[in-house]
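**Q** Coordinates for the following, if possible.
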Amino acid sequence: MDKTERLAHYAVIAIAVIVVIAAMNLGEAVLAPLALALVAGVVLSPLSDFWESRGYSPVWGALVGLAATLLVAGTLVATFQPVVARLVDQAPKVWSDMQEVVHSLRHLMRGLSAVSEGVADAIAPAPHGAAPSATTEDSVVMPSVADALMAAPAILSQILIFAGSLFFFLLTRSEIYEWVARHLSTSCGQVELAQRLRRAERHVSRYFLTITLINAGLGAITAAVLQLINLPNAMVWGVVVFIVNFVVYLGPAVLMTVLLFVGVAEFDGLLALMPAAAFLTLNTLEGQFVTPALVGRHMAINPLLVFLALIFGLWLWGPIGGIVAIPLLLWVLVLNDAIRAPGGGALPLETL
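**A** Now for the predicted structure:
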């Protein structure tokens, strides 16, 4: 293959990748809940294996997994409702406090601008008749009930796609693995590919379980600290911490910003910074010590790969993409033997 043919080959591959990514972006309404269902199915696979090992039909394992997932999702939605309602009620106070800060900054900037203009006029006087441009403040448009009603059918359809995909994946995942191994490998490598798929499934499930336990501990400790500083709905905020910490890097950053606004709404003076500062401290301790100790020993992933996967997932499918990005990355790495089971000659990704 000469240089021209090689370049043409690479160009075709690049075009194919662009087309696939564009198709994934356009099919977000279907593909995003489908990907989330597949990740949830992989995470719940030990539950299905438990029921099947007890002699029950795979249908029962699929039903239990689906029911547990929907129950957890419904509980989280019900838990978030008081937080959202309180934030909406406190929005005028937050907006007023933030306007005072903005006005103070504007006065400071105007003072600095006046000084700089005075210096500029002293050096090179401006022509007469020049009038300063007027500025207008943009109003904040809040979503209405009509907007929520318009979005309801799309949300309902995504929930149905997620529920159906999760149930049928849990029901037929063994057949799916066998089909993939039969069609994507030679007759000699079918067993090895099936074992790789099972190993990737176990790793993703173990990783997600470990991260879930870590996030639960972080949420509980954060709730206790917020309760000590008398922040309303401290337990609910602990649940919020538990959820957003699954979206590494960006989730904690967004929550810290939200807690800063909540502190401004609930407290005065320096105490307004306490909720955000407390969460920042606890999240830093968790990220620097707890997670590396429990996860990093056998599943060390290059932080650059994690960050790029997260950014790509968020850009492609929004919050759902951010949730599924890391499990899918881990699944691909294990499937390609970039990560092995503990004690089986693990290859940390820092060496890649």
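**Q** Now do Y207 against V225, distance only.
**A** Taking Cβ to Cβ, to the nearest Å as the measure, Y207 falls 27 Å from V225. (C-beta placed from N, C-alpha, C; glycine too.)
**Q** Pull the contacting residues for G55.
**A** Residues counted as contacts of G55 (Cβ atoms under 8 Å, 6 or more residues apart in numbering): none.
**Q** Got the phi and psi for it?
**A** Per-residue torsions, G55: phi 90, psi 10 (degrees, to the nearest 10).
**Q** pLDDT score assigned to it?
**A** At G55, the pLDDT value in this model is 83.
**Q** Kindly report the same for the one 10 residues further on.
**A** Per-residue confidence for G65 comes out at a pLDDT of 89.
**Q** how many other residues sit next to the closest residue to it other than its chain neighbours?
**A** Nearest non-adjacent residue to G65, counting by Cβ to Cβ, 6 or more residues apart in numbering: L44, 4.2 Å away. By the criterion of other Cβ atoms under 10 Å, L44 has 23 neighbours.
**Q** residue contacts, L44?
**A** By Cβ under 8 Å, 6+ apart, the contact set of L44 is G65, A68, T69, L166, L170, S205.
**Q** Recalculate using a threshold of 10 Å.
**A** By Cβ atoms under 10 Å, 6 or more residues apart in numbering, the contact set of L44 is 61-62, 64-66, 68-69, 166, 169-170, 173, 205, 208.
**Q** These: which two are farthest apart?
**A** Using Cβ to Cβ, those span at most 18.3 Å, a distance reached by A62 and F208.
**Q** rewinding a little: buried ones from the contacts of L44, can you make that a PyMOL selection?
**A** Those of the contacts of L44 that count as buried under 16 or more other Cβ atoms under 10 Å are selected in PyMOL with:
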select buried, resi 61+62+64+65+66+69+166+169+170+173+205+208
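**Q** Next, check the contacts of L44 against the helices and list the overlap.
**A** Using DSSP state H, the subset of the contacts of L44 located in helices is 61-62, 64-66, 68-69, 166, 169-170, 173, 205, 208.
**Q** Now flag whichever of these is closest to V17.
**A** F169 (25.9 Å).
**Q** any idea what sits nearest that closest one, other than its immediate chain neighbours?
**A** Using Cβ to Cβ, 6+ apart, the closest residue to F169 is G41 (4.0 Å).
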